[in-house]
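Q: turn this into a structure:
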Amino acid sequence: MSMTVALITVGLLALAFGLLLGYASIRFKVESDPLVDQIDEILPQTQCGQCGYPGCRPYAEAIANGDEINKCPPGGEATIKKLADLTGKEAKSLDASHGEEDIKKVAFIREDECIGCTKCIQACPVDAILGAAKHMHTVLTNECTGCDLCVDPCPVDCIDMVPVTTTTSSWRWDFEQTPRGDIPVKMVS
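A: Numbering: from 1, shown residues only. All right, here's what the predicted structure looks like:
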């Protein structure tokens, strides 16, 4: 009998706290700026910090508050153009003091050279590196944003940044790069 009473009591307490948390999440919801959300969607989400901000969301907030739109090397000229269209600012060329535009790359760990120090894991802003102390590590290429932040902390220099190979699952049509008249259309009669 006491076990049943205890289970019912715990269940009622869980229900009460759940209702309280649900109410608090609605009542105290923090509204975000829709412009910041739109800017953040355009940014490449590499979280690399090359723009001078700790990630893409803080840079989006800075742009919404008037900062320049040309500080994102991973996004490059295409991102600058999209940001210029959204914000109404002039599309300047990429600010070279923040880096140069490059092809998309991902980290590759030469596992036979890895000593398992975990410094790369600690540096990865998106948790794309798997491994444990004193064991070799590997990169989840689908999660890696190519930010390059794991390369410098590696004491044995076993991490390379390799170009992303295009496969049938990673290929994307870039509609903005293709003029409307250049899309081949086969007419069926």
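Q: burial measure for S25, as a count.
A: 9 (other CB atoms under 10 Å). Where you see a C-beta, it was placed from the backbone N, CA and C, and this is true even at glycine.
Q: the host helix or strand of it: what's the following helix or strand?
A: Assessed by DSSP states H and E, S25 sits inside helix 2-27. Counting by DSSP H and E, the next helix or strand C-terminal to helix 2-27 is helix 34-42.
Q: which outside residues touch that following helix?
A: 56-57, 60-61, 63-64, 75, 79, 82-83, 86-87 (CB atoms under 8 Å, 6 or more residues apart in numbering).
Q: show me what contacts the residue most central in space within the chain?
A: Central residue of the chain (CA atoms, centre = their mean): Q45, 2.9 Å from the mean position. The contact partners of Q45, taken as CB under 8 Å, 6+ apart, are 56, 145.
Q: then C144?
A: Neighbours of C144 in contact, by CB under 8 Å, 6+ apart: 106-107, 126, 128.
Q: which one of the residues you listed is nearest to G18?
A: Proximity of those to G18 (CB to CB) peaks at V126, which lies at 30.9 Å.
Q: most remote residue from the middle of the chain, which is it?
A: M1 (52.9 Å).
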